[in-house]
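Chemist: Here is my input, please return the structure:
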Amino acid sequence: MQGITQRLPYLDGWRGLAILSVLIGHFLAAYLPPLFILGGYGVTLFFVLSGRLMADILFVQRQPLPLFLQRRAARILPALIVFVNVMAAYSVIWLWWRGLIVMQPWEYLAALTFTINYAQALGGGLESRYLAHLWSLCVEEHCYIVLAMIAFLCSRNHAVAKWLLTALGCASLVLAIPLWLNNPNGVHAVNWRSEVSAAPLMLSAGLRLWIHDKSLDHSRFARLLGAASPWVLGCSLLLFFATPNIVRYTLGPVLLALAMNGVDTSPAGFKKCLAHPVLQSFGILSYSLYLWQTPLMRYSWRIPSLLLLIAAIAMGLISYLAIERPARRFLNRKALTRRSRRTSPE
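Modeler: Below is the predicted model of the structure:
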């Protein structure tokens, strides 16, 4: 069993690959428009990684639910609250003074209540100027709640969880098909919904539990999946570039879930590439980079995109060092102290 605090370098590298895909898709598409597809590809890379990690934490390591929720909050909330309030202050102080469109109350409230994905998907054309990208964070948070509920309900029989998670992932894919058929070009109206974008996360979590099922001998399957992992990852990338949305966002999650769950037994060279220090560094900074990159992208009409990309990386680094890391350490340490006091003998 992997320890709760153990970090696997190639998983940080996978996270780095995901955020780099998002950054390239958002900033370098100005120079090569087809690269825009990498934004959606990077988000799906994030989702399958989250599914695998949450399955490990909740079902393999069996982390207590209060600890799980506390750690998720410590990681997500401080940087998010600072980011949303900075954007709100910028909107009111700078944009209002110049007579431009300011942040609306619904944007602020929806971002902090993790409902901005549905506010935009079901809002008849509503789209937040600086907070739209938080839709994917909402999807992850909604999935965390569902996973925690399943872990609670299946606490005495985790074998049931692998069937349930796999079924939920498949149901999301099936549900997405009529939505894509009715909105062939409306990627946001479909993909921003949690019940649709939960597919890669749930499929990856379910597959992780199938691989860890001790009642079955999966050694050969794990080896085959590992050998195929880099090739499946490459096929998924081609799929995103060469197919329409209905294929890209239904078959794509399946391929990426397979690639993600095969990485542990993949060839050493593949894991070494993922564990490259540059990818690891971007992976560690990924959450802060994710928060700050989209607002800067909005200025690509007046500032060269390459300069904006550099600014986004700088903002992400500042956010990580000044907000995300110290806040997470403080909150986790404080929670650990409270748990120690509760469990210590009188």
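
Chemist: pLDDT averaged over stretch 176-196, what's the number?
Modeler: Mean pLDDT, stretch 176-196: 85.

Chemist: what's the answer for stretch 110-124, then?
Modeler: Stretch 110-124 comes out at a mean pLDDT of 92.

Chemist: Between the two ends of it, how far is it?
Modeler: End-to-end distance for stretch 110-124, by C-alpha to C-alpha, to the nearest Å: 15 Å.

Chemist: mind listing what's buried in it?
Modeler: For stretch 110-124, a neighbour-count test (16 or more other C-beta atoms under 10 Å) marks 110, 111, 112, 114, 115, 116, 117, 118, 119, 120, 121 as buried. Quick note: C-beta positions are derived from backbone N, CA and C, even for glycine.

Chemist: Quick check: the two most widely separated of those?
Modeler: The largest separation in the buried residues of stretch 110-124, counting by C-beta to C-beta, is between 112 and 121 at 17.9 Å.

Chemist: Return the residues in contact with residue 187.
Modeler: Residues in contact with residue 187 (C-beta atoms under 8 Å, 6 or more residues apart in numbering) are 40, 245, 249.

Chemist: Point to the residue nearest the middle of the protein.
Modeler: residue 46 (3.8 Å; C-alpha atoms, centre = their mean).

Chemist: Could you look up the SS state of it?
Modeler: Secondary structure, DSSP: H, G, I helix; E, B strand; the rest coil: residue 46 is helix.

Chemist: Repeat that for residue 156.
Modeler: coil.

Chemist: distance of it from residue 62?
Modeler: 11 Å (C-beta to C-beta, to the nearest Å).

Chemist: Between those two, which has more neighbouring residues?
Modeler: residue 62 (13 against 6; other C-beta atoms under 10 Å).

Chemist: Tell me which residues touch that one, please.
Modeler: 151, 158 are the contacts of residue 62 under C-beta under 8 Å, 6+ apart.

Chemist: Quick check: pLDDT value at it.
Modeler: So residue 62 comes in at 92 (pLDDT).

Chemist: likewise the one 3 residues further on?
Modeler: Reported pLDDT at residue 65 in the predicted model: 94.

Chemist: per-residue confidence for residue 6?
Modeler: Per the predicted model, pLDDT is 68 at residue 6.

Chemist: Any chance of CSV for the contacts of residue 187, columns pLDDT?
Modeler: Compiled in CSV, the contacts of residue 187 are given as follows (pLDDT from 0 to 100):
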residue, pLDDT
40, 93
245, 88
249, 92
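
Chemist: Tell me which stretches of the stretch 51-200 of the chain form helices.
Modeler: 65-90, 105-112, 116-121, 135-153, 159-182, 187-191, 194-212 (DSSP state H, counting those that start in this stretch).

Chemist: Compare those helices and report which one is nearest to residue 308.
Modeler: Across these, closest to residue 308 is helix 65-90 (C-beta to C-beta), at 15.6 Å.

Chemist: Sort out which residues of the closest one are buried, please.
Modeler: 68, 70-72, 74-76, 78-80, 82-84, 86-88.

Chemist: ok and it relative to helix 135-153, angle-wise?
Modeler: 160 degrees (axes from the mean of the first three to the mean of the last three C-alpha atoms, to 10 degrees).

Chemist: could you give the angle of helix 65-90 to helix 105-112?
Modeler: Using the same axes, to 10 degrees: helix 65-90 against helix 105-112 is 150 degrees.

Chemist: which helices and strands does helix 65-90 pack with?
Modeler: helix 105-112, helix 135-153, helix 286-297, helix 305-319, helix 325-343 (3 or more C-beta pairs under 8 Å, 6 or more residues apart in numbering; DSSP states H and E).

Chemist: can you tell me how far residue 110 sits from residue 131?
Modeler: 8 Å.

Chemist: same deal with residue 60?
Modeler: Applying C-beta to C-beta, the value for residue 60 to residue 131 is 34 Å.

Chemist: where does this structure have low pLDDT?
Modeler: Applying pLDDT under 70 to the chain picks out residues 1-6, 95-101, 184-185, 214-218, 339-346.

Chemist: re the thing from before, buried deepest among the helices and strands packed on helix 65-90, which one?
Modeler: helix 286-297 (a mean of 23; mean count of other C-beta atoms under 10 Å).

Chemist: For that one, name the packing helices and strands.
Modeler: Counting by 3+ C-beta pairs under 8 Å, 6+ apart, helix 286-297 packs on helix 9-27, helix 65-90, helix 305-319.

Chemist: In which helix or strand does residue 43 reside?
Modeler: helix 37-55 (DSSP states H and E).

Chemist: chain center to that helix, what's the gap?
Modeler: Between the centre of helix 37-55 and the centre of its host chain there is 5 Å, according to C-alpha atoms, centre = their mean, to the nearest Å.

Chemist: Taking helix 286-297 as reference, get the angle to it.
Modeler: 150 degrees.

Chemist: what's the burial count for the closest residue to residue 9 other than its chain neighbours?
Modeler: Spatial nearest neighbour of residue 9, chain neighbours left out: residue 275 (3.7 Å); criterion: C-beta to C-beta, 6 or more residues apart in numbering. Using other C-beta under 10 Å, the number of residues around residue 275 comes to 18.

Chemist: just residue 50 next, same as before
Modeler: 23.

Chemist: just the one 4 residues further on next, same as before
Modeler: Residues near residue 54, counting by other C-beta under 10 Å, number 26.

Chemist: just checking, it touches residue 144?
Modeler: Yes. Judged on C-beta atoms under 8 Å, residue 54 makes contact with residue 144 at a distance of 6.6 Å.

Chemist: Nothing else from me, thank you.
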